[in-house]
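Visitor: sequence? don't have it. structure:
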Ligand SMILES: [Zn+2]
């Protein structure tokens, strides 16, 4: 049977604040020696008291605003009680009844379908746990990560396929990067996903039993685990079986979901307000101020590129995917203002074509790019004023990419100036005709396509520097004589 999947997601995102959520330890502990970023607070020594990290609250509000949420002025941190060796206090400070952000939405573009709105249930702030490492029969604990600020973003059950989940996670990562509040690097654990998935009975329309899948630590894992779990549940239902309410893990190596534990509800955590922290009351003026300070977000940028620069939705999406690329594009457009013929469309073509190709080939980063925005403009100008033909321009761009030198300088050094002088080219055209009597004969008998061959010969004779349209025109004139 065809079952409609119903999926909700919980994504944890580590914030890139300087210090941890409730103490002064450095939160940038990835790759540091174990237990070197710790203090009495995050080691849970008796009598140590937490203090709220203002920057973490600010960053979470920014994401809430970007996700169109309502920011709650009255907040309370809560203790989530559970015993686990990577949690030294025996509880995690989180938010329960009163999270920072409620009821938002985000627009995503799943591959192969149009735009889709996914509602956000809540965004709350908590602290990360430590990490366990299992060595033989022992377990070691590293508490560098314990207390790092962590946001949890919970969607409504609005996702209906692996592609939509993938688009949602991509959008979330794009937003935290635009806001500059997290690296969003899944491979470094800065972003971790869980899904709740059930299948709807096609006859009754009723939602089935929810299964939770944890440990989705890459984009591929999100996509594959959901596809796998949809198929697994469908098989169970088709066979007349029942879905158990369980928590599964994703085994990346085997490409399957595996049973972790039978699910217990929230009640197991015995949440209660954190007695060591006062309620967090936010001033509306602060929230309003943060709203005005938000950067231009991807959706707005895409709309601007399409309306102001007449780019296609696809071009706009490619240019805005990474904020650094968008910034670079913006600065080239700005540098091109005195040159109306250097249009945003032409700039977009060069960046998404040649530049992306060269970056891809060299495994380069846009942040390390040697080409200055004015140099891109100068190169396009050289094409526009017919100094360079397209293949020569690409060659020059390659050298610019390698060296960061100005295009005019490279053109002169390599002698790539296009020959667009009619009398020079006419002489060469005459010679090409003399040298190729057979093709010329064929052309005169009506084999029209042979002109391409003759143009090719002329380009060869000029080492690729002839203006191709002019070359063809001159050849035709000579042939008609
Ligand atoms: Zn600490």
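Guide: All right, it came through fine. This one's a predicted model, so the numbers in the text were calculated from it and none came from an experiment.
Visitor: So the residue in the stretch 51-200 of the chain positioned nearest to the ion: helix, strand or coil?
Guide: Here the stretch 51-200 of the chain gets closest to the ion at one residue, residue 147, 5.6 Å apart by Cβ to the ion. Placement of C-beta: from N, CA and C, glycine included. When classified by DSSP: H, G, I helix; E, B strand; the rest coil, residue 147 comes out as coil.
Visitor: Contact partners for it?
Guide: Applying Cβ atoms under 8 Å, 6 or more residues apart in numbering, we find residue 147 in contact with 20, 21, 22, 23, 25, 27, 41, 42, 127, 128.
Visitor: again, but for residue 153
Guide: 9, 10, 11, 12, 13, 63, 67, 120, 122, 123, 172.
Visitor: Now, the residues you listed that are in helices?
Guide: 63, 172 (DSSP state H).
Visitor: Now for residue 299, how many residues are close by?
Guide: By the criterion of other Cβ atoms under 10 Å, residue 299 has 17 neighbours.
Visitor: Excluding chain neighbours, what is closest to it?
Guide: Of all residues not flanking residue 299 in the chain, residue 107 sits nearest, at 6.2 Å (Cβ to Cβ, 6 or more residues apart in numbering).
Visitor: same thing with residue 384?
Guide: Spatial nearest neighbour of residue 384, excluding adjacent residues (Cβ to Cβ, 6+ apart): residue 341 at 4.8 Å.
Visitor: Check residue 233 too.
Guide: residue 199 (5.0 Å).
Visitor: Surely the one you found and residue 230 touch.
Guide: Yes: here residue 199 lies in contact with residue 230, judged by Cβ atoms under 8 Å, at a distance of 7.0 Å.
Visitor: higher neighbour count, those two?
Guide: residue 199 (23 against 20).
Visitor: show me what contacts the more buried one?
Guide: With Cβ under 8 Å, 6+ apart, residue 199 has these contacts: 3, 4, 5, 6, 208, 230, 233, 234, 237, 243.
Visitor: Just those: which are in strands?
Guide: Among the contacts of residue 199, DSSP state E puts 4, 5, 6 in strands.
Visitor: Quick one: those residues as JSON lines, columns for neighbour count and pLDDT too.
Guide: Shown next, in JSON lines, are these (neighbours: other Cβ atoms under 10 Å; pLDDT from 0 to 100):
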{"residue": "4", "neighbour count": "14", "pLDDT": "88"}
{"residue": "5", "neighbour count": "23", "pLDDT": "91"}
{"residue": "6", "neighbour count": "17", "pLDDT": "92"}
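Visitor: List phi and psi for residue 19.
Guide: Dihedral pair for residue 19: phi -110, psi 170, per degrees, to the nearest 10.
Visitor: ok so, going back, please enumerate the shared neighbours of residue 199 and residue 230.
Guide: Taking Cβ under 8 Å, 6+ apart as the criterion, residue 199 and residue 230 both touch 3, 5.
Visitor: Quick check: which ranges of the protein have low pLDDT?
Guide: 263-267, 420-421 (pLDDT under 70).
Visitor: Within reach of the ion, which of the ones in strands among the contacts of residue 199 are there?
Guide: Among these, proximity to the ion is found for none (Cβ under 5 Å from the ion).
Visitor: Quick check: of those, which lies closest to the ion?
Guide: Distance to the ion, by Cβ to the ion, is smallest for residue 6 among the ones in strands among the contacts of residue 199, at 40.4 Å.
Visitor: pretty sure that closest one is touching residue 161, no?
Guide: No: counting by Cβ under 8 Å, residue 161 is not a contact partner of residue 6; they are 10.6 Å apart.
Visitor: ok so, going back, quick check: the farthest pair among the contacts of residue 199?
Guide: Pairwise distances across these (Cβ to Cβ) peak at 14.5 Å, for the pair 4 and 243.
Visitor: Nearest residue to residue 118 in space, ignoring adjacent ones along the chain?
Guide: Closest residue to residue 118 apart from its sequence neighbours, by Cβ to Cβ, 6+ apart: residue 158 at 4.7 Å.
Visitor: Dihedrals phi and psi, that neighbour?
Guide: Residue 158 adopts backbone torsions of phi -100, psi 0, taken as degrees, to the nearest 10.
Visitor: So which residue is dead centre in this protein?
Guide: residue 174 (4.5 Å; Cα atoms, centre = their mean).
Visitor: SS state for that residue?
Guide: helix.
Visitor: on that earlier part again, buried among the contacts of residue 153? Make that a PyMOL selection.
Guide: Here is the PyMOL command that selects the buried residues among the contacts of residue 153 (16 or more other Cβ atoms under 10 Å):
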select buried, resi 9+10+11+12+13+63+67+120+122+123+172
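Visitor: Include distance to the ion when you put the contacts of residue 153 into a markdown table, please.
Guide: Shown next, in a markdown table, are these (distance: Cβ to the ion, whole Å):
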| residue | distance to the ion |
| --- | --- |
| 9 | 30 |
| 10 | 26 |
| 11 | 25 |
| 12 | 20 |
| 13 | 20 |
| 63 | 24 |
| 67 | 29 |
| 120 | 30 |
| 122 | 27 |
| 123 | 24 |
| 172 | 28 |
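Visitor: Now, the contacts of residue 153 that are in strands?
Guide: Checking the contacts of residue 153 against DSSP E, those in strands are 9, 10, 11, 12, 13, 120, 122, 123.
Visitor: Pipe these into TSV and attach distance to residue 450 per row.
Guide: Compiled in TSV, the ones in strands among the contacts of residue 153 are given as follows (distance: Cβ to Cβ, whole Å):
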residue	distance to residue 450
9	61
10	66
11	61
12	65
13	62
120	63
122	70
123	67
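Visitor: which one among these gets closest to residue 214?
Guide: Once Cβ to Cβ is applied, the member of the ones in strands among the contacts of residue 153 that ends up nearest residue 214 is residue 10, at 9.1 Å.
Visitor: Nearest residue to that closest one in space, ignoring adjacent ones along the chain?
Guide: Counting by Cβ to Cβ, 6+ apart, residue 10 lies nearest to residue 194, which is 4.6 Å off, once chain neighbours are set aside.
Visitor: Would you mind giving the domain segments of this protein?
Guide: Structurally, the chain divides into domains by automatic domain parsing as follows: 4-290, 296-414, 422-480.
Visitor: Spell out which helix or strand contains the residue nearest to residue 435 when sequence neighbours are not counted, please.
Guide: Of all residues not flanking residue 435 in the chain, residue 457 sits nearest, at 7.3 Å (Cβ to Cβ, 6+ apart). Element membership for residue 457 (DSSP states H and E) is helix 450-461.
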